[in-house]
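Participant: When you get a sec, could you give me coordinates for this:
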Amino acid sequence: MQERSWRTEPVQGGAVDHHDTIQLEAFELTLEDIAGADIEKLHALSVGVGWPHRPKDWQMLLENGNGVVAVDSIGRLAGSAMWFDFGQSFSTIGMVITPPRLQARGAGSWMMLHVMQQAGKRQFGLNATRAAKRLYQSMGFTIEKTVFQCQGEATPIATPRLPGGTTLRALTSGDVDAILALDEKAFGASRKTLFKSLLPVSKGVVLMREQRIAAFSLCRRFGRGALIGPVVAFNEADAIAVTHPHVVDHAGQFLRLDTREESGAFPQYLARSGIAVFDTVTTMSLGGPWMRESGGLQGLQPKTWALASQAFG
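Facilitator: Residues are numbered from 1 along each chain as shown. Predicted coordinates:
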């Protein structure tokens, strides 16, 4: 029989009320700010639900996000939830972790309500696991797209022909403003702060057309190996062109890329390169559509072909 007791005081500006508790059967959980949580405990929490994040991946999340952890009476972490600020009107929500037993008893919705309260009135986007999708639907989130988590041992195919009138080169520090502008058009919000964390730990490739950057990709260490993302381009030929060098660099190694492309040349290229669909999550939004009809294949607007991560979008 489920028993809940709530003591909640509304807070603003990212604060956490340490007196907020929930009683779930024999468990009394207290909310604490995730910024004070031990990374090794956070790592153990994600390992416990089969997620691949390393302590260093958690460190990047903490550098770029806010959130809460649920702590039991002897200091063990029983759950987490984070939000990532991309301007005054949009945030993503991620790293919502609760053991199945506690999620069924309301711990997930409890933490979700708190991170949304911290973030304030704005539009939210998230990528939901199958286990959590029903929870988010019950909170009013709308299904938008499927994200295909593609991964495997990279097996490079013959180098694809570059689109006419283009060249590839390594990303340099002088390219940052241009790729930030491309990413903002594709993502729909500025991720300048996030890129300050991504760029120092990533290898980047840009595609030049008429002396301007028309596409870019980043690749960094993540989880079991390396992760390609984000990839931003106007069309799939350009997206393949900036993805291929990373596949070559990681030949024979574990490589991952998360994409919303279900069909077409881009996912076909990934499958032929050993990066096959492993799992799916569902992109959902609250307060307005997240996904923008950008023209993509018609080349009218840049498009996100690979996510920076499921938490960052």
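Participant: Okay, helices next: where are they in the stretch 151-300 of the chain?
Facilitator: 176-187, 192-198, 236-249, 265-272 (DSSP state H, counting those that start in this stretch).
Participant: pLDDT score assigned to Gln23?
Facilitator: With respect to pLDDT, Gln23 has a value of 53.
Participant: Ser285 is nearest to which of the helices of the stretch 151-300 of the chain?
Facilitator: helix 176-187 (13.2 Å; CB to CB). For every residue, glycine as well, the C-beta is placed using N, CA and C.
Participant: Show me what the closest one is packed up against.
Facilitator: If contacts are counted by 3 or more CB pairs under 8 Å, 6 or more residues apart in numbering; DSSP states H and E, helix 176-187 sits against helix 192-198, strand 202-209, strand 212-222, strand 225-233, strand 303-306.
Participant: Could you look over the helices of the stretch 151-300 of the chain and pick the most buried one?
Facilitator: helix 236-249 (a mean of 23; mean count of other CB atoms under 10 Å).
Participant: ok, and what's touching that one?
Facilitator: 154, 156, 159-160, 162-163, 166, 168, 203, 205-207, 214-217, 219, 226, 228, 231, 233, 255, 257, 261, 264-266, 269-270, 273, 275, 297, 305-306 (CB atoms under 8 Å, 6 or more residues apart in numbering).
Participant: Name the nearest residue to Met208, sequence neighbours excluded.
Facilitator: Among residues not flanking Met208 along the chain, Thr167 sits closest, at 4.9 Å (CB to CB, 6 or more residues apart in numbering).
Participant: Give me the neighbour count for the one you found.
Facilitator: Using other CB atoms under 10 Å, Thr167 is surrounded by 11 other residues.
Participant: swap in Thr166?
Facilitator: There are 16 residues near Thr166, going by other CB under 10 Å.
Participant: Make sure Ile93 is actually in contact with Gly125.
Facilitator: Yes - using CB atoms under 8 Å, Ile93 makes contact with Gly125 at a distance of 7.5 Å.
Participant: tell me the SS of the residue lying closest to Pro100 once chain neighbours are set aside?
Facilitator: Using CB to CB, 6+ apart and skipping the chain neighbours, the partner closest in space to Pro100 is Ala131 (6.9 Å). Three-state assignment for Ala131 (DSSP: H, G, I helix; E, B strand; the rest coil): helix.
Participant: can you check the one 5 residues further on too?
Facilitator: Classification of Tyr136 using three-state DSSP returns helix.
Participant: Quick check: it touching Leu126?
Facilitator: Yes - in this structure, Tyr136 is within contact of Leu126 by CB under 8 Å, at 6.7 Å.
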